[in-house]
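J.: starting from these lines, generate the structure:
(chains A and B)
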Amino acid sequence: MIIDRVEVETINSFSKLELFKEIYGLIWILPIFALLLGITIEVLVIVWLEREISASIQQRIGPEYAGPLGLLQAIADGTKLLLKEDILPSRGDIPLFSIGPSIAVISILLSFLVIPLGYRFVLADLSIGVFLWIAISSIAPIGLLMAGYSSNNKYSFLGGLRAAAQSISYEIPLTFCVLAISLLSNSLSTVDIVEAQSKYGFFGWNLWRQPIGFLVFLISSLAECERLPFDLPEAEEELVAGYQTEYSGIKYGLFYLVSYLNLLVSSLFVTVLYLGGWNFSIPYISFFGFFQMNKIIGILEMVIGIFITLTKAYLFLFISITIRWTLPRMRMDQLLNLGWKFLLPISLGNLLLTTSFQLVSL
Amino acid sequence: MFLLHEYDIFWTFLIIASLIPILVFWISGLLAPVSEGPEKLSSYESGIEPMGGAWLQFRIRYYMFALVFVVFDVETVFLYPWAMSFDVLGVSVFIEAFIFVLILVVGLVYAWRKGALEWS
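T.: Take a look at the predicted model:
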C-alpha cells in the first residue's frame, strides 16, 4: 500500500513537473506576442499621427469619420487592403513577388528583438545587440530588390535598384556612428549602452558627447527609412510608386507596414543610442530612491520607463513626419553625393576623434 | 547553430515573424475576390501596352557603388571587435587600426578621384 502511494505521488509530481514545463514553455513565447501586439498598436498610432500631422501642415481636416478623431482610420485601411484582390503580374516572377515583401517584414520585425523599452524590458539582451540590428537591417534591401525585379515592370525595377543603392550608401555612415557609440559605452548590448548614459541624467546623454554622430545618424536613418527628402525609390512623379507599382492588396499593405515599422525602429534606436533610453533624465533627482523596492514600485518604474522611451521616440517620429511634409525631394546624384562624399568622411572623422579622446582618457 | 541558448528566443522570434506573412497571405487568399483578366494582369506602363520586358541591362554605376560599399562594410566589421576591446589593447593597436583606416581612406580618395562616386 505504502509503496503504491509513493509511486502515485511520484507519478503525480512528475506529471505536475511536465505541466509546469509546458506552461513555462508557453510563458516563454508570451513576451513575443505581447511585443508583436505592441508593435501593431504603435504602427496604427503612427499612421494616424502621420495623417493628422500632414493634414494640419496642409491645412486640411484629416481623418475624422472612422472612430473618435479618426483613430480607427488605420484599422479601416488595413482591413480594406486585406479584402482587396491580390493581383499577380502575368509576366513577373511569382515566387519572388511574394517572398520580397515577406523578407522585408521579417527583417524589420527582428530588429525589435534588441530594443529595450524599459529597465531590463527587452526581449533578448544579447551581447551583440546593436550589431545584430545592423546585420539584420541590411537584409531588408534584398526584399525590396526582389520586389522590384520580380514585378517585370520598368518602374519597379528602377525603384528596386534605387532602394538598394540608397540603403547601402547610408548603411556605412550609420554603422560608423553606432561604432563610435559602442566604443564610448564599451559594449554592443543596447541595455549597457543605455545604462552608460544614466549617470548624469540629462547631461549624460550620448547626444552631448557625440553631436556630429547624432546628426549623421539622424540623416542616415531617415534615408534608410526612404522618407521624403530621400524617397527616390518611390518617387511618384518619376517612377509611379517605385518597387511597389505592381503590388496590390495585402502585399502592398506589408510594404506600407514595413515603411512605418522602419520609422519606428529608427526613432527607437535614436532614443536608445543618443537620448538615454528609459532614464528619467533629470540629474540628481530619482523618483524611487526614497521607497523600498517592492513589486508594485518595480512595475510602476517599468511602466514609467516604457512611457519615457516612447515619449522620446515619438518626438523623433514627429520630427521626421514634419520633415516629410516640409522638404522637397533630392536628386539621385545629390543623394549619393551626400552619402559618400559628405556623411562618410564626416562619420569616419567622428570615429577617429572619438577613439583619440578615449585614448587620452585611458 | 542552435548550440547557443542565448539565441533561442531569436530563433523563436524568427519563426513567429516568418509565420506572419504566411498567415496574412492565407487570410487574404480566403477573403479576397478573384477576377482575372489579361489587361489587369499586364504590367503597368502609364496606361499603354507594355513594350518589352524590364529584365535588361542597367546602369553600371550601381555596381560601382556596390563594390565600394562591400569594401567599407567589411572594414566596419573588422573595426567592431577592435572597438570592443579598446581598453585592453591600448595605444599600439590603436595605431595599427589607424593605419588600417588610413589605407581605406586612400582607397576612398582613389575611387573619388577616378570618378567611381560620380552619378553622371
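
J.: tell me how many other residues surround A:F269.
T.: Other residues near A:F269 come to 23 when the count uses other CB atoms under 10 Å in any protein chain shown. Yep, even glycine has a C-beta here, placed from its N, CA and C like the rest.

J.: what sits against it?
T.: Neighbour list for A:F269: A:115, A:133, A:221 [criterion: CB atoms under 8 Å, 6 or more residues apart in numbering or on different chains].

J.: in helices only, show me those residues.
T.: Here DSSP state H is the test, and those give A:133, A:221 as lying in helices.

J.: ok, and the most crowded of the contacts of A:F269?
T.: Most surrounded of these: other CB under 10 Å gives A:S221, at 25 neighbours.

J.: contacting residues around that one?
T.: If you count contacts by CB under 8 Å, 6+ apart, then A:S221 has A:174, A:266, A:269-270 around it.

J.: picking that back up, next, format the contacts of A:F269 as CSV and append distance to A:S167 and pLDDT.
T.: What follows is the contacts of A:F269, written out as CSV (distance: CB to CB, whole Å; pLDDT from 0 to 100):
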residue, distance to A:S167, pLDDT
A:I115, 20, 87
A:W133, 14, 90
A:S221, 11, 89
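
J.: picking up where we left off before, in helices, which of the contacts of A:S221 appear?
T.: Short answer: these in helices (DSSP H) are A:174, A:266, A:269-270.

J.: close enough to count as contact, A:L35 and A:S111?
T.: No. Checked against CB atoms under 8 Å, the pair A:L35 and A:S111 is beyond contact range at 11.5 Å.

J.: out of these two, which sits in the busier spot?
T.: For A:L35 versus A:S111, the count of surrounding residues by other CB under 10 Å is larger for A:S111: 23 against 19.

J.: how would you label B:E36: helix, strand or coil?
T.: Following DSSP: H, G, I helix; E, B strand; the rest coil, the label given to B:E36 is coil.

J.: run a quick neighbour tally on it.
T.: Number of residues near B:E36 (other CB under 10 Å) recorded here: 11.

J.: how far away is it from A:F121?
T.: Shown here: B:E36 relative to A:F121, a distance of 48 Å by CB to CB, to the nearest Å.

J.: near chain A, anything from the longest helix along chain B?
T.: If you go by DSSP H, chain B has its longest helix at helix B:86-114. Yes. Judged by CB under 8 Å from any CB of the partner chain, helix B:86-114 and chain A are in contact via B:86-87, B:90-91, B:94, B:97-98, B:101, B:105, B:108, B:112.

J.: and the furthest pair within those residues?
T.: Pairwise distances across the residues of helix B:86-114 next to chain A peak at 34.3 Å for B:D87 and B:W112 (criterion: CB to CB).

J.: phi, psi for B:L79 please.
T.: phi -80, psi -30 (degrees, to the nearest 10).

J.: that one touches B:A97, doesn't it?
T.: Yes. In this structure B:L79 lies within contact range of B:A97 using CB under 8 Å: 6.8 Å.

J.: and the stretch 251-362 of chain A, which residues reach chain B?
T.: So far as CB under 8 Å from any CB goes, the stretch 251-362 of chain A lies against chain B at A:251, A:253-254, A:332-333, A:336-337, A:340-341, A:344-345, A:348, A:351-352, A:355, A:358-359, A:362.

J.: so in chain B, where's the weakest helix or strand by average pLDDT?
T.: helix B:38-41 (a mean of 76; mean pLDDT, DSSP states H and E).

J.: contact partners of that one?
T.: The contact list for helix B:38-41 (CB under 8 Å, 6+ apart) reads A:87-90.

J.: now do the SS call for A:W340.
T.: Under three-state DSSP, A:W340 falls in the helix class.

J.: so the nearest residue to it once chain neighbours are set aside: helix, strand or coil?
T.: Nearest residue to A:W340, sequence neighbours excluded (CB to CB, 6 or more residues apart in numbering or on different chains): B:L117, at 4.8 Å. Assigned by three-state DSSP, the conformation of B:L117 is coil.

J.: surely B:L117 touches B:L67?
T.: No. Counting by CB under 8 Å, B:L117 does not reach B:L67; the two are 11.1 Å apart.

J.: looking at these two, which is more packed in?
T.: Ranked by neighbour count (other CB under 10 Å), B:L117 and B:L67 place B:L117 first, with 21 against 11.

J.: and that one, what is it in contact with?
T.: A:336-337, A:340-341, B:64-65, B:68, B:111.

J.: ok, now A:L362?
T.: A:L362 neighbours (CB under 8 Å, 6+ apart): B:87, B:90.

J.: now with 7 Å, please.
T.: Taking CB atoms under 7 Å, 6 or more residues apart in numbering or on different chains, we find A:L362 in contact with B:D87.

J.: count the neighbours of the closest residue to B:W82 other than its chain neighbours for me.
T.: In space, and not counting its chain neighbours, B:W82 is closest to B:A97: 5.2 Å by CB to CB, 6+ apart. Here the number of neighbours of B:A97 (other CB under 10 Å) works out to 18.

J.: what do you get for B:R61?
T.: 18.

J.: what comes up buried for stretch A:340-348?
T.: A:340, A:343-344, A:346-348 (16 or more other CB atoms under 10 Å in any protein chain shown).

J.: got these as CSV, with secondary structure, pLDDT and distance to A:G129 columns?
T.: Output for those, formatted as CSV (DSSP: H, G, I helix; E, B strand; the rest coil; pLDDT from 0 to 100; distance: CB to CB, whole Å):
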residue, secondary structure, pLDDT, distance to A:G129
A:W340, helix, 86, 28
A:L343, helix, 90, 23
A:L344, helix, 89, 24
A:I346, helix, 92, 25
A:S347, helix, 90, 20
A:L348, helix, 89, 23
